[in-house]
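Participant: Make a model of this:
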Amino acid sequence: MTDTKEVAVRIDDKGRVTLPRSMRRALGIKAGDTLFFKYDPQSNRLQIAPAMSPFDTLAEEAVREILALKQNPYLGHQLRGSLLGVRALAFSLKGVAYRAAYIVQEDDKTCLVFMIGPHEGFYQKAVAGQRP
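Facilitator: Numbering: from 1, shown residues only. Next up, the predicted model:
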């Protein structure tokens with residue numbers, strides 16, 4: 001793409017726009033690809049990005065959250081009852097609360113994550129040994 005970062009395009013009567021070829025090439029998108037649009041009302045700007053699988057996006061974000069345990073294996077809270085000895089890391093993705101259940105291996109301070117899932121019903125499923 002040339003140094004052009006802004007370009008004017010027209011919207012047709014069906015609300016469609018055509019992205020210039022140079023921008024499609026720069027984004028690595030082609031006919032039939034799906035795009036994500038994100039509107040920021042405060043700045044009145046629209047962002048466009050090539051879409052990945054929503055599951056891939058969630059998985060990448062979850063991994064980033066869980067990797068925080070490398071810095072502090074005790075980041076999550078200690079569980080009680082039948083899950084004594086297990087810790088749970090709380091995080092949120094796309095407005096949904098998630099948990100990762102893990103055990104800290106004291107000898108080398110590594111974490112064994114054995115379950116990740118939505119917060120709703122998470123602990124009951126962990127006790128029962130079910131998948132989230």
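
Participant: residues near Met115, how many?
Facilitator: When neighbours are defined as other CB atoms under 10 Å, Met115 has 18 of them. All C-beta atoms are positioned from the backbone trio N, CA, C, and that covers glycine.

Participant: which SS class is it?
Facilitator: strand (DSSP: H, G, I helix; E, B strand; the rest coil).

Participant: can you map out the helices along this protein?
Facilitator: Remark: helices assigned in the chain by DSSP state H are 21-27, 54-66, 122-128.

Participant: Show the end-to-end separation of stretch 97-114, please.
Facilitator: Distance between the boundary residues of stretch 97-114 (CA to CA, to the nearest Å) amounts to 18 Å.

Participant: How far away from the center of its chain is that stretch?
Facilitator: 20 Å (CA atoms, centre = their mean, to the nearest Å).

Participant: Show residues contacting that stretch.
Facilitator: Stretch 97-114 is contacted by residues 62, 65-66, 69, 73-74, 76, 79, 83, 85-92, 115-120, 122-123, 126 when judged by CB atoms under 8 Å, 6 or more residues apart in numbering.
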